[in-house]
Every structure is written in structure tokens, then in C-alpha cells.
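**Q** sequence below, structure please.
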Amino acid sequence: MPVNSEECKKVSKIFFNIAGFPSVIGALDGTFVRIASPGGKDAERFRCRKNYFALNVQTIVDSDLVIRNVVARWPGSAHDSTIFTNSAVCLLLKTNSIFQNYHLLVDSGYALEKYLLTPFLNPRSPAEVRYNKSHVITRNTVERKYGILKRRFPCLSIGLNCNLERVPAIIVACCVLHNLAIRLDDPEPPADPQVEVLLRQLELETEQLQLSSSIGSQSSYPAGFAKRNVIVQNYFSN
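**A** Down below sits the predicted model:
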């Protein structure tokens, strides 16, 4: 996360240049990192909605795909919104005046808050459609980052077959090395055909076993609703 108001301005300006979305200081999302079954009576807590054992890892990324924050300790069954609500970043955004005019971009699985902006589920005007388009393009930075991170460190895609206590440290280490690679202008790693075949096999197995479920969107809060409408009016109405 930016550490002062000047850095917030700098980060948000670069995000704005992507697709015209104002006051963004990060894109937030979660991803599953496969793990071996931890065993014991709590093992099922780690089974994610895709029906395999995992940690649900939350990251915030900037427009340069640098990981600004990572939380890598929650079991796969934890909802993205729950992880964020219990994170230090959430408390920081709520209480630190530096961030009062800024926000993170998230998908509709999160609650709409003043500091957490979601897309419209059912856009009803051209302005809302334009807002959604800009939101998706800008938020795509976090999806691109996960793709690069998992290609750079295939263990995060294939899975970590080690003691559960070591998994969070491995994930954080991969994130640190990812940031170092960006700082050193290391080229984006190409897709490894053998890894891609293995991942597709894992996806097919998951699709065959996956239980149908729908989490749905989270609640909207008045401050978030009002802020989103102001942004639509000021930036996407014309």
C-alpha cells in the first residue's frame, strides 16, 4: 500500500492512465494455492469451492503488477470478503485519513464500500456500462499479476506438497521474488507447455468433482453506493 499522500497521488495517476478510473491505489483479489490435505479434524476447512485443498491467498497489486500486500494464512473455505474484512489493510483504509479519498477495485464478491469499489451487477445506463468497462480493465492488473506469478513459480499452480506450516512462508517468498524480478526488469516468464498440460488436467479433474455453488454478491453500504454514483456521474456520464 502507498505510505503517504504523495505516493497515493502517484499510484492513482498511473492507474487513471489505464482506463480513466479515478483515485485507485490498488486492485485486490484472492487466489487459491493448492496444498496437500493437512489431515486431522480441521482438514475440510482447507477445501475450497473448487473442491480441492488450498489456502485462499489475498493480494493487492499496483499498476506495475508489484504486490503491495499479501495475506497467506487463510484456509481455502474462507470467503475473499472475510479475509479482507479481517486484514490490517481494511483497518488502515477505514481509519487512516491519508486514504479517505482513495479506494481499491474488487469484484462483486466483496461488499461495496467507500474504500472498496465493485462493478454494477446490472448496469442500467450507458454511463454505468462505461464505469464497468473501465473498472474491469483497471482491475485486470491483479489477474495479470496472478498469471505471471504462477508462471514464474509453477509450484503455486501445481500445488505445494509440504508441511502446512511452511506454506505461507513459501507463498510470501514467491511474492517477494516476483517484486524483485519486476524491479530488475526480468522478462515475463513464458508458458511452460508441460506445466500447462498438467494444469489443464488438474482443471478437468476439478470440473468433474466441483460442487455447484453460487456465493452471490455481497451487500452494498450507503457510503460506497454514493461514492460509486458520484464517480459514474463525474467521469463516465459524457
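**Q** over to residue 92. Which of the three states is it?
**A** helix (DSSP: H, G, I helix; E, B strand; the rest coil).
**Q** residue contacts, it?
**A** Contact analysis of residue 92 by CB atoms under 8 Å, 6 or more residues apart in numbering lists 1, 99. (Each C-beta comes from the backbone N, C-alpha and C, glycine too.)
**Q** following the helix or strand of the chain with the lowest mean pLDDT, which helix or strand comes up?
**A** Here the helix or strand of the chain ranked lowest by mean pLDDT, DSSP states H and E is helix 193-209, holding a mean of 53. Proceeding N to C from helix 193-209, the next assigned helix or strand is helix 222-235, under DSSP states H and E.
**Q** may I see the buried residues of that following helix?
**A** For helix 222-235, a neighbour-count test (16 or more other CB atoms under 10 Å) marks 224, 227-228, 231-232, 235 as buried.
**Q** what's the closest of those residues to residue 13?
**A** Checking those against residue 13 by CB to CB gives residue 235 as the nearest, at 14.2 Å.
**Q** count the neighbours of the residue lying closest to that closest one once chain neighbours are set aside for me.
**A** Once flanking residues are discounted, residue 235 sits nearest to residue 22: 5.9 Å by CB to CB, 6 or more residues apart in numbering. Residues lying near residue 22 (other CB atoms under 10 Å) number 16.
**Q** tell me which element residue 22 falls in.
**A** Using DSSP H and E, residue 22 maps to neither a helix nor a strand.
**Q** return the distance of the helix ranked longest in the chain from the chain's centre.
**A** In the chain, assigned by DSSP state H, the helix with the most residues is helix 126-152. Relative to its chain's centre, helix 126-152 lies at 10 Å (CA atoms, centre = their mean, to the nearest Å).
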